[in-house]
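A.B. asks: predicted coordinates and the sequence they were generated for:
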Amino acid sequence: MPTLVLDTNIVLDLFVFADARAHALNEHLERGDAHWLATQAMRDELERVLAYAHIESRLGFYGLQACDVLRRFDRHARIVEAPAKAPVTCRDPDDQIFIDLAVAHRSMLLSKDAAVLAMTKRLANSALSLRT
């Protein structure tokens, strides 16, 4: 069973935007075919992002509230301790927490963030899979 780390944009695609590209991932999570690891800081970031005006308007459009998204996060993600900093550094410090966790647990990191995607080669050298 794969172990995953999902960045905030992927979580939004999954639980807010119902992005068709996230459909298979949602099915894997629902069936328990994948383990999603997260830290409290990741959950806190999601909660903060859900309060952004443009995200709140999308929540309203889809008939959701922030608590609905957080409830799904809590149902699927397993909160673990934040690891030490990974030996690779992301130019966007907000993304470092995802990289640190994925490297520490040798997990697949799902991201579409440009700063993370720019690290594909360096992350591959850390034996980490990166998917967009």
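C.D. replies: Structure received. Numbering: from 1, shown residues only.
A.B. asks: quick one: strands adjacent to the helix or strand hosting V5?
C.D. replies: Under the criterion of DSSP states H and E, V5 resides in strand 3-6. Strands adjacent to strand 3-6 in the sheet, as given by DSSP bridges, are strand 35-38 (parallel), strand 108-110 (parallel).
A.B. asks: for this structure, just list every one of the helices.
C.D. replies: Taking DSSP state H as the criterion, the chain carries its helices at 8-15, 23-31, 40-50, 53-61, 66-76, 96-105, 114-117, 120-124.
A.B. asks: just to check, R58 is in contact with F17?
C.D. replies: Yes - using Cβ atoms under 8 Å, R58 makes contact with F17 at a distance of 6.9 Å. No exception for glycine: its C-beta is placed from N, CA and C like everyone else's.
A.B. asks: on that earlier part again, what comes up buried for the strand holding V5?
C.D. replies: By neighbour count with 16 or more other Cβ atoms under 10 Å, strand 3-6 contains the buried residues 4-6.
A.B. asks: nearest to P87, of those residues?
C.D. replies: Set against P87, the nearest of the buried residues of strand 3-6 by Cβ to Cβ is V5 (16.3 Å).
A.B. asks: touching, that closest one and R106? I think so.
C.D. replies: No - assessed by Cβ under 8 Å, V5 is found out of contact with R106, at 10.3 Å.
A.B. asks: show me what contacts L59?
C.D. replies: Counting by Cβ atoms under 8 Å, 6 or more residues apart in numbering, L59 touches 16, 50, 65-66, 68-69.
A.B. asks: what's the answer for D74, then?
C.D. replies: R43.
A.B. asks: where's it relative to S57, distance?
C.D. replies: 24 Å (Cβ to Cβ, to the nearest Å).
A.B. asks: now do A20
C.D. replies: Between A20 and S57 the computed distance is 21 Å (Cβ to Cβ).
A.B. asks: now swap in R48 and tell me
C.D. replies: 16 Å.
A.B. asks: swap in A77?
C.D. replies: From A77 to S57 the distance is 25 Å (Cβ to Cβ).
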